[in-house]
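A.B. asks: pasting the sequence and the predicted coordinates here, then a few questions.
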Amino acid sequence: MDMELELIKLKESHISELTKIMERAFDEDTRIHLGEEKGGPDGYDTGEFLRKWGMHKDASSYCISLDGQLIGAVILWIKEDNNNFLGNIFLDPLYENQGFGKKVWNMIEEKYPDAKTWNTETPVFSSRNHNFYVNKCGFHIIKIENPKNRLEGQYIMQKIMK
């Protein structure tokens with residue numbers, strides 16, 4: 001049975017539902033990797049993160065929809081020089097580890113065929129993210145910022161497009 005996966009332009013009306021999904025996704029990652037019940041970037045659980053970054057005038061932001069149901073979102077920064085930045089991608093934990101993230105990433109690459117590079121960063125502690133970006137999507141770790149600080153450390157990643 002084929003399910004229809006879509007990227008839909010993010011609107012203010014999506015923020016309430018997406019905030020609940022984002023909260024579940026980040027809290028799950030925090031539980032797995034840090035053993036704490038809650039955690040994520042500022043405003044991830046209030047909608048302010050999505051309002052600030054997802055609705056930013058320079059961002060290209062999309063809801064991830066599966067058969068008409070919102071299951072996540074992605075925030076992209078498409079640059080004039082085509083050295084683009086993946087600011088954020090998240091899926092409801094109910095849909096993780098089923099190949100949807102990789103399919104979404106493939107859709108992004110197809111949507112932006114002129115990309116020279118894709119850049120992103122992710123916390124040092126989040127090994128699931130490292131696996132996703134490196135092993136599923138083809139990114140390479142090009143720098144580690146604050147590598148000894150488990151909470152503040154970041155893996156800086158890049159994918160050079162052909």
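C.D. replies: Yep, it's here.
A.B. asks: in what helix or strand does Ala73 lie?
C.D. replies: Using DSSP states H and E, Ala73 falls within strand 69-77.
A.B. asks: tell me which residues in that strand are buried?
C.D. replies: Using 16 or more other C-beta atoms under 10 Å as the test for burial, strand 69-77 gives Leu70, Ile71, Gly72, Ala73, Val74, Ile75, Leu76, Trp77. (Glycine included, C-beta is placed from N, CA and C.)
A.B. asks: pick the one among those closest to Met55.
C.D. replies: For these, the closest approach to Met55 (C-beta to C-beta) belongs to Ile75, at 9.5 Å.
A.B. asks: wait, that closest one touches Gly87, no?
C.D. replies: Yes - counting by C-beta atoms under 8 Å, Ile75 touches Gly87, with 4.1 Å between them.
A.B. asks: overlap of the contact sets of the two?
C.D. replies: Shared contacts of Ile75 and Gly87 (C-beta atoms under 8 Å, 6 or more residues apart in numbering): Trp53, Ala59.
A.B. asks: for Ser126, give me its contacts.
C.D. replies: Asp29, His33.
A.B. asks: what pLDDT does it get?
C.D. replies: Ser126 carries a pLDDT value of 91.
A.B. asks: ditto for Met1
C.D. replies: Met1 carries a pLDDT value of 52.
A.B. asks: Leu151 too?
C.D. replies: Looking at Leu151, its pLDDT reads 82.
A.B. asks: alright, calling it a day.
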